[in-house]
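In: what would the 3D arrangement of this be:
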Amino acid sequence: MTFSGGEPLIQSENLQELIELIKLKNLSILCYTGHTLQNIIRGKVHYAKSLLPMIDILIDGQYRREEKAFLPWLGSRNQKIHFLTDRYKKWESLVLKEGRREVEIVIGKENLAMTGFFDTEVWERLQRILCSGRSGGIKYD
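Out: The predicted structure is shown next:
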């Protein structure tokens, strides 16, 4: 489950109730915030420190258009990814590689869902391959 802006930590107390329910389903939590992890730890963001043990990945820092990044999950270079639990720690080196963006594709009986950061060229290529009925795999590096 991903929480993003506006600013999800504005409602930290209510967010905790929702996160507790989500964790009962063994789902993971990724949260974007314009606040820094240091300020949250110092208690400068009301009630947010109590959320940290339940958040698997925290991405902190305000988006800055002039510092645009080509990294998975990050919009700008000033933002930082914090793996707060061990659940996705193995991904740490992968998500910090510039230029590599990955997506998740879920194919159901009647639909296809693609999530993540991808460019329209990849999406159009995927559609062409799927609609043409060609066999073989889709290769993207």
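
In: helices of the chain, start to end?
Out: Here the chain has its helices, by DSSP state H, at 12-24, 37-41, 92-95, 120-132.

In: tabulate these (JSON lines), appending mean neighbour count and mean pLDDT.
Out: All C-beta spots, glycine's among them, are computed from the backbone N, C-alpha and C. Shown next, in JSON lines, are those (neighbours: other Cβ atoms under 10 Å; pLDDT from 0 to 100):
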{"stretch": "helix 12-24", "mean neighbour count": "14", "mean pLDDT": "93"}
{"stretch": "helix 37-41", "mean neighbour count": "15", "mean pLDDT": "96"}
{"stretch": "helix 92-95", "mean neighbour count": "12", "mean pLDDT": "75"}
{"stretch": "helix 120-132", "mean neighbour count": "11", "mean pLDDT": "75"}
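
In: which one of those lies nearest to residue 53?
Out: Ranking the helices of the chain by proximity to residue 53 (Cβ to Cβ) places helix 12-24 first, at 10.0 Å.

In: show me how far that closest one is from its chain's centre.
Out: 18 Å (Cα atoms, centre = their mean, to the nearest Å).

In: hey, which helix or strand in the protein has the poorest pLDDT?
Out: One helix or strand of the chain scores below all others by mean pLDDT, DSSP states H and E: strand 112-116, with a mean of 71.

In: packing partners of that strand?
Out: Other elements packing on strand 112-116 under the criterion 3 or more Cβ pairs under 8 Å, 6 or more residues apart in numbering; DSSP states H and E are strand 103-107, helix 120-132.
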